[in-house]
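K.L.:
Got a predicted structure plus its sequence, pasted below:
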Amino acid sequence: MTDEEMHRLIASARTKSEGIRRLFRAGVSKAAIARFMELRYQHVYNVLLRETSPEQEGVTAPSEPAFAALQVDAKGRVQLPADFLSANGLDGGGTLFCRHDPRGLTLLGRESALEGLREAARKRMPDQAALLDALLKVTDSNRKTEPGKDKP
């Protein structure tokens with residue numbers, strides 16, 4: 001990403017922290033952000049570390065426990081609690097993603113699955129993270145306009 005592109009990306013940012021987060025989401029490395037914004041690397045690192053803090057995101061703790069004991073019927077069907085569905089934007093139906101790893105099963109709503117994909121791209125393919133974001137936006141726009149598609 002050129003300096004000109006980075007300047008455009010952060011031009012409307014209200015704070016340095018917002019600029020840091022925008023650049024990082026666009027796939028710019030922490031070190032490159034620190035050089036470009038003339039900040040210490042530690043400053044950039046701390047801003048991005050706080051980004052995942054629930055207090056910074058305005059996320060409130062759920063009123064219900066984060067875990068539930070669910071019954072699986074003989075056909076593999078599970079009934080999720082209504083508040084779990086609502087918290088993940090699935091109360092009207094939609095797609096739920098399931099990952100199996102050595103620790104067991106993890107269920108993810110669409111936004112959580114997308115954020116996991118974006119985070120992996122930022123870490124493993126920083127030069128391609130902006131391209132992935134653009135592709136996901138186009139795909140999301142197409143899903144919303146095509147009849148018969150799952151709700152996002």
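P.N.:
Yep, that arrived.

K.L.:
thought residue 26 was touching residue 8?
P.N.:
No: checked against Cβ atoms under 8 Å, the pair residue 26 and residue 8 is beyond contact range at 10.5 Å. All C-beta atoms are positioned from the backbone trio N, CA, C, and that covers glycine.

K.L.:
So these two - more neighbours on which side?
P.N.:
The residue with more neighbours, out of residue 26 and residue 8, is residue 26; 19 against 11, by other Cβ atoms under 10 Å.

K.L.:
so who does that one touch?
P.N.:
Contact criterion Cβ atoms under 8 Å, 6 or more residues apart in numbering gives 1, 9, 129, 130, 133 as the residues in contact with residue 26.

K.L.:
now do residue 15
P.N.:
Residue 15 neighbours (Cβ under 8 Å, 6+ apart): none.

K.L.:
what's the answer for residue 20, then?
P.N.:
Going by Cβ under 8 Å, 6+ apart, residue 20 touches 33, 37, 39, 44, 47, 48.
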